[in-house]
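Colleague: give me a model of this one.
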Amino acid sequence: MPTGIDLRTRAAIPRWLHRWAALTVCATVVLLLLGSVVTTFRVGMADPLWPTYPWHLLLIDWTEPSAGFLIEHTHRAFGYLVGVLVIGLAMGIWYSEKKRHAPTRALYVALTAILCYGMVPGVVHELVNALDDSPQVQTSLLVSVLVGNASVLLFGLWRALGQRELRWLGVAVLAGIIIQGMLGGFRVRLNALMGSDLAVVHGCFAQIVLALLVTIAVLTSPKGAFVALADNARRPRIVRGAAILEALAFVQIVFGVMVRQTASPLGQRGHLLTAFAVLGVYTWLTKETLATFRGDRRMRLTLHVLGALLAVQLILGVEAWLSKFKNGTFVDVSPITLGSAALRTAHFFAGTMIFATAVTLLLMNLRRRQSAMGDVVVSSPRLEEAA
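Modeller: Residues are numbered from 1 along each chain as shown. Have a look, this model is predicted:
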């Protein structure tokens, strides 16, 4: 019997699908880095027009745009690229299913085509202009789109967890990337009405999309058998500890986004205090995991990578904090230099990688299935079917 969540397709997962998922994760990390640069240099409103074509930079007069304009539109163009990769990933997962009923396949192709067509900037632009330019109407449009896609996302997660079918997780991440794109776009359209509130939501939800993509990349990866040399009775505690670590890492990112986007004292205090909690849980989890799974090299490597990231993040965090509040104020009014921008971007990148590694660590525990012998743990869909 499985000892944890074990999402898998009915057929062997093709290797190209895992490579595509890994490529999508890497592209998403780059997109998040570009978003961090946009926030650091405060150029989110460098172009108040949205939506724009992915090739917008090829249509403008290059004597006019500022550096902030180029950064913002590079971020937008990369967002379109990630959207295309996610569409391909969702379709690839769906078609990797062993049972391919023609009506279901045709319906999925139709829905995907509609979603792809709906992502064309010109169509969205005409829709927004046809309705109204008033903030109230645009807010209603945003809410309706978010509610609709959030329903698809939650339905996909429910089906994935209930039926252990990876394809529904692909549907969920497709809905998630659409929500993220709409949040980014309407953050520009509704800046006068909502200010930085949508920017905070946009930055936090990006981490959720990344977590979903990391989950797909881990679950589609070909894994071998693991030998656990210690008693596995403590594994439920380790799973809970890994889940707490992941949750704390996400909460710390939320507080970090608040620090970057607002002057909220809650964000400043919460970001610092959560760092201590993350370090404490990681220390306990490392001790328990290494004692329980001494023969698991992948688990040990993941823990060591996470520990190295936390050590680097601690140093970057102190330096970024001193750089941001060196004047003794709680509002960042000092000019942004290349050095401070690089420091804050590195701090953001390390935090993102910590969260992604924590997600991976949790999945490595949830995927495990203990065999009848009690000492071999199988985590590969191919090996499970062969068994």
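
Colleague: which residues in the stretch 251-387 of the chain form helices?
Modeller: Taking DSSP state H, counting those that start in this stretch as the test, the helices found in the stretch 251-387 of the chain are 265-292, 297-324, 338-366, 381-386.

Colleague: where's Ala350 relative to Leu31, distance?
Modeller: Relative to Leu31, Ala350 is positioned 17 Å away (C-beta to C-beta, to the nearest Å). Just so you know, the C-beta spots here come from the backbone N, C-alpha and C atoms, and that holds for glycine as well.

Colleague: so if I had to pick from the two, which one is more boxed in?
Modeller: Relative neighbour count places Leu31 above the other of Ala350 and Leu31, with 24 against 21, counting by other C-beta atoms under 10 Å.

Colleague: enumerate every residue touching that one.
Modeller: Leu31 makes contact with 75, 78-79, 81-82, 206, according to C-beta atoms under 8 Å, 6 or more residues apart in numbering.

Colleague: filter those to the buried ones?
Modeller: By neighbour count, with 16 or more other C-beta atoms under 10 Å, the contacts of Leu31 hold 75, 78-79, 82, 206 as buried.

Colleague: widest-spaced pair of those residues?
Modeller: Greatest spacing in the buried ones among the contacts of Leu31, by C-beta to C-beta: Phe78 and Ala206 (12.2 Å).

Colleague: what's around Ser323, how many residues?
Modeller: Using other C-beta under 10 Å, Ser323 has 18 other residues around it.

Colleague: not counting residues beside it along the chain, what's closest to it?
Modeller: Excluding the flanking residues, the one nearest Ser323 by C-beta to C-beta, 6 or more residues apart in numbering is Ser340, at 4.7 Å.

Colleague: and of the buried ones among the contacts of Leu31, the nearest to Leu169?
Modeller: Val82 (16.8 Å).

Colleague: how about Pro14, phi and psi?
Modeller: phi -70, psi 150 (degrees, to the nearest 10).

Colleague: hmm, back to that, which ones among the buried ones among the contacts of Leu31 lie within helices?
Modeller: If you go by DSSP state H, the buried ones among the contacts of Leu31 have 75, 78-79, 82, 206 in helices.

Colleague: make TSV out of these and add distance to Ile178.
Modeller: As requested, these are arranged in TSV below (distance: C-beta to C-beta, whole Å):
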residue	distance to Ile178
His75	17
Phe78	16
Gly79	11
Val82	11
Ala206	13
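
Colleague: out of the residues you listed, who's nearest Leu361?
Modeller: Ala206 (20.4 Å).

Colleague: run through the residues that contact that closest one.
Modeller: Ala206 sits next to 31-32, 35, 180 when contact means C-beta under 8 Å, 6+ apart.

Colleague: in stretch 304-312, which residues are buried?
Modeller: Quick answer for stretch 304-312 (16+ other C-beta under 10 Å): 306, 309-310, 312.

Colleague: could I get these as JSON lines with pLDDT and distance to Pro265?
Modeller: Listed next are the buried residues of stretch 304-312 as JSON lines, based on pLDDT from 0 to 100; distance: C-beta to C-beta, whole Å:
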{"residue": "Leu306", "pLDDT": "95", "distance to Pro265": "29"}
{"residue": "Leu309", "pLDDT": "95", "distance to Pro265": "27"}
{"residue": "Leu310", "pLDDT": "95", "distance to Pro265": "25"}
{"residue": "Val312", "pLDDT": "94", "distance to Pro265": "27"}
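
Colleague: out of those residues, the closest to Leu193 would be?
Modeller: For the buried residues of stretch 304-312, the closest approach to Leu193 (C-beta to C-beta) belongs to Leu309, at 37.9 Å.
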